[in-house]
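Novice: sharing a model prediction with you, sequence too.
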Amino acid sequence: MPPLPLLRLAGVSLLAAFCLANAALAQGVSDEQTQALVRRIQEGDRRDRLAAAEEIKVRGAKAMAAVPALTAALKDADDDVRKTAAEALGRMGPEARSAVPALADALRDGNDSVRGNAAFALGQVGAEAEPAVPALNTLLKDESPWARAGAARALGRIGGKAKASAPALTELLKDRNEGVRRDAAEALGRFGVDAKAAAPALVLLLKDASASARKAAAEALGGIGPEAKVAVPALKEALKDKEFVVRMNAAQALKRIGLEPGEAVRVWTEALKDASEHVRRFAAEALAEMGPDAKTAVPALTEALKDGDRFVRLSGAKGLGNIGGEARAAVAALVGLLKDEEPLVRAAAATALGKLGSEARAALPALNELQKDSATVVRLAVAEAINRITSQGTQPQY
């Protein structure tokens, strides 16, 4: 009888072979189905061609063998077949790269849905659709909002290779259609610093009547980064926007652009009062990352320990610990947080007290009591905190 390890190895090998055989069989069936669909596109009547294109669209990249047939279908006599063929190529993603020339030609189709779907497909191909950039730039002036928006999205997805389109996209920020304005802003954000000249126009878009356009403007300014410092005052104002997604994107943009420590503390301290827990979380974490530079935020971070959101409480404790000894006034509040219902928050409070070192000696009785906590993560944090406090370890780590 073969040794047990050999039997196990043989079993694994058989299982692997079985799985590979099944996969090959499934692939074979899939290929046969795709070829059947291809024949229907090439030889069927109008209804059959459309149904086959719809089914390939659902299959996506699994039906990549249909790319040549879909490419040919872009010249079908029927508008719906051409429109669906273009969308199906988009679902293929980069696998449809060979269709780029035909898709670029389809941007001149007489049907606006075909033009829009062709632009969508080029965007899904990504950077390899660079040869279509000139045609997409032309489409930015199309009479159809769907086509203009599709061109903007495609150029953004092509990315840096389409950065010469930034001026045309900037002009589109004034488009009469809010979806076009939004998509143009998103595309500029994908260009990063190459779109820095668009910062003033994006600042104006922060006042747009459309929340989605304002959100996209804030996100794009963050994408540009430090070169968008001209937008800081407007982004600070956007932190008061009625829509939390705009406020959130404005906060993220300000962090990516960068603020001087004093200004950053003021901005994030104010954001800790936001109605949205998402914004408060971001502000608390931003302060925590500043370490000792956030020492003037000790009162605000101490108040954050009472927040209804556990992640705000956790980041508040983390921030106080990262400030170090300068956060000594928060010891009592951190001791109170040791009784939080969330184990990770209790652990964060213990860690923060440990980072305060000898300034947190008053917390030792509560920490000793917490050595019996049911959560391992809390017990470990408590043990380290006690060691730091009793050994005079006061160096903040963040």
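Specialist: Sure thing, it's come through. Numbering: from 1, shown residues only.

Novice: closest to the centroid, which residue in the protein?
Specialist: What sits nearest the mean C-alpha location of the chain, by CA atoms, centre = their mean, is residue 219, with 10.3 Å.

Novice: and this structure, what are its domains?
Specialist: Using automatic domain parsing, the domain parsing of the chain gives 10-139, 259-398.

Novice: what mean pLDDT does the longest one get?
Specialist: Same thing as domain 259-398. Mean pLDDT, domain 259-398: 95.

Novice: centre of the chain to that domain, how far?
Specialist: Centroid separation for domain 259-398 versus its chain: 28 Å, with CA atoms, centre = their mean, to the nearest Å.

Novice: with the shortest one instead?
Specialist: With CA atoms, centre = their mean as the basis, domain 10-139 stands 27 Å off its chain's centre.

Novice: again with stretch 188-205
Specialist: Its chain's C-alpha centre and that of stretch 188-205 lie 18 Å apart, by CA atoms, centre = their mean.

Novice: who's in contact with residue 339?
Specialist: Contacts for residue 339 (CB atoms under 8 Å, 6 or more residues apart in numbering) come out as residue 346. Using the backbone N, CA and C atoms, a C-beta is placed for each residue, glycine as well.

Novice: tell me the SS of it?
Specialist: State at residue 339, reduced to three classes by DSSP: H, G, I helix; E, B strand; the rest coil: coil.

Novice: and what of residue 141?
Specialist: Classification of residue 141 by three-state DSSP places it in coil.

Novice: now it: closest residue in space that isn't a chain neighbour?
Specialist: Nearest residue to residue 141, sequence neighbours excluded (CB to CB, 6 or more residues apart in numbering): residue 148, at 7.5 Å.

Novice: please work out how many residues are found near that neighbour.
Specialist: Other residues within reach of residue 148, judged by other CB atoms under 10 Å, total 25.

Novice: and it, what helix or strand is that in?
Specialist: helix 145-158 (DSSP states H and E).

Novice: cool, and residue 335?
Specialist: For residue 335, the element it lies in under DSSP H and E is helix 331-337.

Novice: list the buried residues for that helix?
Specialist: Buried residues in helix 331-337, counted by 16 or more other CB atoms under 10 Å: 331, 333, 334, 335, 337.

Novice: may I have it as CSV, with CA atoms only?
Specialist: Extracted in CSV, the C-alpha atoms of helix 331-337 (Å, rounded to 0.1, in the frame of the first residue of the first chain):
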residue,chain,number,x,y,z
VAL,A,331,-6.4,61.4,30.2
ALA,A,332,-9.7,61.4,32.0
ALA,A,333,-11.7,61.2,28.8
LEU,A,334,-9.5,58.4,27.5
VAL,A,335,-10.0,56.5,30.8
GLY,A,336,-13.7,56.8,30.2
LEU,A,337,-13.3,55.4,26.7
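
Novice: quick revisit: so what's the residue nearest to the residue nearest to the centre of the chain when sequence neighbours are not counted up against?
Specialist: Using CB to CB, 6+ apart and skipping residues adjacent in sequence, the residue nearest residue 219 is residue 249, 4.8 Å away. If you count contacts by CB under 8 Å, 6+ apart, residue 249 has them with 215, 218, 219, 222.

Novice: what helices or strands is the helix or strand containing the third one leaning on?
Specialist: It refers to residue 219. In this structure, residue 219 sits in helix 211-224 according to DSSP H and E. Helices and strands touching helix 211-224, by 3 or more CB pairs under 8 Å, 6 or more residues apart in numbering; DSSP states H and E, are helix 178-191, helix 199-205, helix 232-238, helix 244-257.

Novice: change it to 6 Å
Specialist: helix 178-191, helix 199-205, helix 244-257 (3 or more CB pairs under 6 Å, 6 or more residues apart in numbering; DSSP states H and E).

Novice: returning to that earlier point: in a markdown table: the domains of the chain, plus distance to residue 162.
Specialist: Listed next are those as a markdown table, based on distance: least, CB to CB, whole Å:
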| stretch | distance to residue 162 |
| --- | --- |
| domain 10-139 | 5 |
| domain 259-398 | 31 |
